[in-house]
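fold the stuff below for me.
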Amino acid sequence: MKTSTPKPEAPRWLLIDADGQILGRLAARVALLLRGKHKPAFSPHQAFGDHVVIINAEKLSFTPAKFRRKTYYSHSGYLGHMRATPLQKMFDEAPAELITRSIRNMLPANRLRPVSLKRLHVFKGATHTFEAQKPVLLRLTPLRDVRSGQATSSSS
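You can find the predicted model right below:
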């Protein structure tokens, strides 16, 4: 039996502002966009995803307890070479790397993971280098602002 494979359409460029967003919710939504699961022609063995540009990585929102408790571990493979980095330190030094790492862990561990991650572009500030691609602003409304503790109005 012959199967048909749809021609992939050209990937879109999406712009996401991370100001006030919660890291896990942002990473889950971006991982879905990078895989292309939002498209009707999604196929798990092909890279149909869009390019995602994330700006304002330094303005992510965390609960105070998460800053105290969360720790990232890395191991070189040698005995005694495990490094523990607290979330606060990692966020202060490299917020873009923090977002990239969390999105990477939400993608499936297969040959398409590096292909999908090449379409992710994270910037610390409000400026980015992909103006020529004309990325479309994608609004992700935060459920609540953790810093103030108040619910935000969701406009759809």
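
could you check the pLDDT of P8?
Here the pLDDT value assigned to P8 is 77.

now the closest residue to it other than its chain neighbours, what's its secondary structure?
Distances taken as CB to CB, 6 or more residues apart in numbering put F48 closest to P8, at 5.2 Å, once the chain neighbours are dropped. (Glycine included, C-beta is placed from N, CA and C.) At F48 the chain is in coil, as set by DSSP: H, G, I helix; E, B strand; the rest coil.

find the nearest non-adjacent residue to M90, please.
L98 (5.4 Å).

is that neighbour located within a helix, as I assumed?
Yes. Under three-state DSSP, L98 sits within a helix.

how close does it sit to A57?
Distance check for L98 against A57: by CB to CB, to the nearest Å, it reads 8 Å.

that older thread, hang on, the residue nearest to M90 packs against F91?
Yes. In this structure, L98 is within contact of F91 by CB atoms under 8 Å, at 5.7 Å.

common neighbours of those two, please.
L60 (CB atoms under 8 Å, 6 or more residues apart in numbering).
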